[in-house]
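Asks: The following comprises the amino acid sequence and a computationally predicted model.
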Amino acid sequence: MTNWTVTVADAARSPLNREYNAEMISRYWGRPTNDAEIDAYERDEQDHDVPVFIVVSRDGNDVGCLGMRFLDNGVGELTRMFVRVPFRGQGAASALLVAMEAEAIKRGITTLRLDTRKDLVEARSLYAKHGFVEIAPYNAAEYSDHWFEKRLTSAHPVAMS
């Protein structure tokens with residue numbers, strides 16, 4: 001089992017955001033992206049409201065991230081789930097989800113939601129593995145095809161260190 005360290009970070013200062021954006025653009029269009037396209041997305045389209053942002057690292061190297069924003073009535077929305085390619089399949093994404101659930105509970109969140117695209121098959125599988133169930137659309141996100149939800153209890157995860 002790989003030891004991961006998960007810490008709270010500043011979304012605006014993390015280079016993982018740009019890597020996430022590059023991958024989402026490339027996967028959506030099925031081609032490589034470029035700096036100008038990423039810059040335009042970050043300037044014009046990306047939602048910058050991510051008050052909770054965590055980073056997973058190993059041996060001092062940041063390898064992935066996950067953000068959460070607050071919706072109404074004790075609902076948190078997950079966003080920007082990303083793990084660098086060489087570290088996928090090693091438990092980093094699961095470590096992020098478990099840590100974010102603990103952070104959400106600490107902040108009084110009782111339900112987590114997220115939306116994702118149909119081409120992000122691995123993400124959908126990960127969310128299902130962690131107890132998220134597919135629900136009807138809760139937002140009108142332009143690029144979303146699937147919506148998920150998980151009810152939280154204080155018995156779920158352990159707190160982040």
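Replies: It's in.
Asks: Quick one: low-confidence residue ranges for the protein.
Replies: The chain contains residues with pLDDT under 70 at 1-2, 46, 154-161.
Asks: Which residue of it lies farthest from its centroid?
Replies: residue 36 (23.8 Å; CA atoms, centre = their mean).
Asks: List the buried residues for the strand or helix carrying that residue?
Replies: Secondary structure assignment for residue 36, by DSSP states H and E: helix 35-44. Neighbour-count burial for helix 35-44, with 16 or more other CB atoms under 10 Å as criterion, is recorded at 38, 41. Every C-beta, even on glycine, is put in place using the N, C-alpha and C of the backbone.
Asks: now do stretch 41-59
Replies: Going by neighbour count (16+ other CB under 10 Å), the buried part of stretch 41-59 is 41, 46, 50, 52, 53, 54, 55, 56, 57, 58.
Asks: end-to-end on it?
Replies: The stretch stretch 41-59 measures 31 Å between its terminal residues, going by CA to CA, to the nearest Å.
Asks: And for it, what's in contact with it?
Replies: Outside stretch 41-59, the residues within contact range by CB atoms under 8 Å, 6 or more residues apart in numbering are 2-12, 14, 16-18, 21, 25, 62-70, 76, 79-80, 83, 87, 92, 95-96, 99-100, 103-104, 107, 160.
Asks: Go again with 6 Å.
Replies: With contacts defined as CB atoms under 6 Å, 6 or more residues apart in numbering, stretch 41-59 is touched by 4-9, 11, 21, 62-69, 92, 95-96, 99-100.
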